[in-house]
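> Structure, please.
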Amino acid sequence: MAVGRIGRAHGVRGEVRVDSLTDVPEVRFAPGSVLYIGKYIAKTDGDALRRVTVVSSREHRDVLLVRFDTVEDREEAQLLTGSHAYVPLAELADPGPDAYYEHELIGLAVVTDSGDEVGAVTGLIETGAADVLVIDPGESGIGVKLVPMTGEVINEIDTDGGKIVISPLPGLLD
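Now for the predicted structure:
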């Protein structure tokens, strides 16, 4: 699971700017934390990803400045630009009741409470007010659908069964 997006190098000692993608950056980027760096999510933990340990991290304006054990200077830090920092899924805390990680929702089928197929979840947009599911109708429809994750729309999320049941508000799926 991605916990940070790595930006440009900062300074000459190998620090990089990191946009945190986690609710607990003080834990994920604490000195001694093990992360995996790469351009994409690997199929298995550590597959094609570079294992690093956080040496230091500090807040700087709106980002974190992080230094990793395998990055010695600015040139090496610049090579990480555009990568993401990941933690293995096994290390994620239980999000709690009625809470889900994005990777748990991706690929779930979305159906209405009357049984009509809407499509499959391909992404999640965080808006601040309510997260929004991005649904691709596939060959059965035209255009991506955006569905707010609110109690009046979402009836059931069944990750084991692979589906989300919604009660679409008027005009939501038009």
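> so what secondary structure elements neighbour the longest strand belonging to the chain?
As assigned by DSSP state E, the longest strand anywhere in the chain is strand 50-60. Helices and strands touching strand 50-60, as assessed by 3 or more Cβ pairs under 8 Å, 6 or more residues apart in numbering; DSSP states H and E, comprise strand 15-20, strand 34-38, strand 63-68. Every C-beta, even on glycine, is put in place using the N, C-alpha and C of the backbone.
> if you set the cut-off to 6 Å instead, what comes out?
Judged by 3 or more Cβ pairs under 6 Å, 6 or more residues apart in numbering; DSSP states H and E, strand 50-60 is in contact with strand 34-38, strand 63-68.
> Quick one: the ones you listed as CSV, columns for mean pLDDT, distance to D113 and mean neighbour count too.
As requested, the helices and strands packed on strand 50-60 are arranged in CSV below (pLDDT from 0 to 100; distance: least, Cβ to Cβ, whole Å; neighbours: other Cβ atoms under 10 Å):
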stretch, mean pLDDT, distance to D113, mean neighbour count
strand 34-38, 92, 40, 19
strand 63-68, 95, 43, 22
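> I'd like those strands laid out as a markdown table, including distance to R5.
Formatted as a markdown table, these follow (distance: least, Cβ to Cβ, whole Å):
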| stretch | distance to R5 |
| --- | --- |
| strand 34-38 | 11 |
| strand 63-68 | 10 |
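> Of those strands, which is nearest A130?
Closest to A130 of these is strand 63-68 (Cβ to Cβ; 25.9 Å).
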